[in-house]
Every structure is written in structure tokens, then in C-alpha cells.
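[1] would you be able to build a 3D model of this:
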Amino acid sequence: MCDKTPGCPPGVLSSLKKVVQKRLWAFLNHKLYCRFSD
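    Model prediction:
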């Protein structure tokens with residue numbers, strides 16, 4: 001995504017990845033929790 005764009009700071013990419021991973025894990029955990037708590 002951003003790493004293919006010239007002139008993009010690597011710090012931005014790594015922080016973006018962290019945010020995306022956090023949101024993804026929160027989403028997955030929420031789905032699993034809802035499924036098992038029924």
C-alpha cells in the first residue's frame with residue numbers, strides 16, 4: 001500500500017500496520033466472544 005509509494009516515511013507505514021492489526025484483532029475477538037457467549 002504505502003510502501004510502494006515513493007517518498008513515504010517508513011514510520012507512517014509501521015504505525016498504520018499496528019493500528020490495522022489492533023482493529024482487526026479487536027474485531028475478531030469481539031466476533032469470537034459473541035459466538036461463544038450465546
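
[2] all helices of this structure, in order?
    Assigned by DSSP state H, the helices in the chain fall at 10-37.

[3] low-confidence regions, it specifically.
    Low-confidence segments of the chain, defined by pLDDT under 70: 1-8, 38.

[4] which residue is nearest the middle of the protein?
    Geometric centre of the chain, nearest residue: Val20, 1.6 Å, by CA atoms, centre = their mean.

[5] look up how far Pro10 lies from Trp25.
    Separation of Trp25 from Pro10 (CB to CB, to the nearest Å): 23 Å. Any C-beta I mention is one placed from the backbone N, CA and C, and that applies to glycine too.

[6] also Leu16?
    11 Å.

[7] the two: who's more crowded?
    Neighbour count, other CB atoms under 10 Å: between Leu16 and Pro10, Leu16 has more, with 14 against 9.

[8] ok, and what's touching stretch 28-38?
    The contact list for stretch 28-38 (CB atoms under 8 Å, 6 or more residues apart in numbering) is empty.

[9] buried residues of it, list them for me.
    Buried residues in stretch 28-38, defined by neighbour count with 16 or more other CB atoms under 10 Å: none.
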